[in-house]
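Participant: Give me a model of this one.
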Amino acid sequence: MAIVKVTAAMARQAARDTDWAAIDAQTDEDIARNVASDPDAAAILSAAETAAAIARSVRKRLGISQAEFSARFHVPVGTLRDWEQNRKQPDAPALAYLRVIAREPDMVARALRREAA
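Facilitator: Just a heads-up that it's a prediction; the model follows:
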């Protein structure tokens, strides 16, 4: 796959050239059809699939096992497994916690170590 560099000027021009009214007029069905017909487009995920993907990607990006994630961030390993396998969906506070871990994993781990001390 070739790497394409895009400058800020190119991005601004593309934004000016876009027919935003046509995009805003698309229905959910139009969007789904466009995504399905584009082999380069990522699939549209449901809320549950998105939560599962966040849970999986955070842990994998950190390069740790489910057991290590569980111990470090005080999430029961069974709960994490259920989230990652899309058997259960994290509630809003748990999803927010996963997003905080994704952005600041070291800070969260430090805060939790202090709480335990």
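Participant: Every contact and neighbour count from this point should use C-alpha atoms.
Facilitator: Will do.
Participant: If we go by neighbour counts, what in stretch 36-49 is buried?
Facilitator: Ala48, Glu49 (16 or more other Cα atoms under 10 Å).
Participant: ok, residues contacting it?
Facilitator: Counting contacts by Cα atoms under 8 Å, 6 or more residues apart in numbering, the residues outside stretch 36-49 that touch it are Ala32, Val35, Asn86, Lys88, Gln89.
Participant: Can you identify the element that follows the longest helix along the chain toward the C-terminus?
Facilitator: For the chain, the helix with the greatest residue count under DSSP state H is helix 47-62. From helix 47-62 onward toward the C-terminus, using DSSP states H and E, the following helix or strand is helix 66-73.
Participant: Okay, angle between that following helix and helix 47-62 too, please.
Facilitator: Using axes from the mean of the first three to the mean of the last three Cα atoms, to 10 degrees, one finds that helix 66-73 and helix 47-62 are set 90 degrees apart in direction.
Participant: which residue sits closest to Lys88, ignoring its sequence neighbours?
Facilitator: Asp82 (5.3 Å; Cα to Cα, 6 or more residues apart in numbering).
Participant: That neighbour: neighbour count?
Facilitator: Neighbour count of Asp82, defined by other Cα atoms under 10 Å: 16.
Participant: I'd guessed it sits against Pro90; true?
Facilitator: No - using Cα atoms under 8 Å, Asp82 is not in contact with Pro90; the gap is 9.1 Å.
Participant: So, low pLDDT: which residues of this structure?
Facilitator: For the chain, applying pLDDT under 70 flags the ranges 1, 115-117.
Participant: So which residues of it form helices?
Facilitator: For the chain, the helices defined by DSSP H cover 8-17, 20-24, 28-37, 47-62, 66-73, 77-84, 92-103, 105-116.
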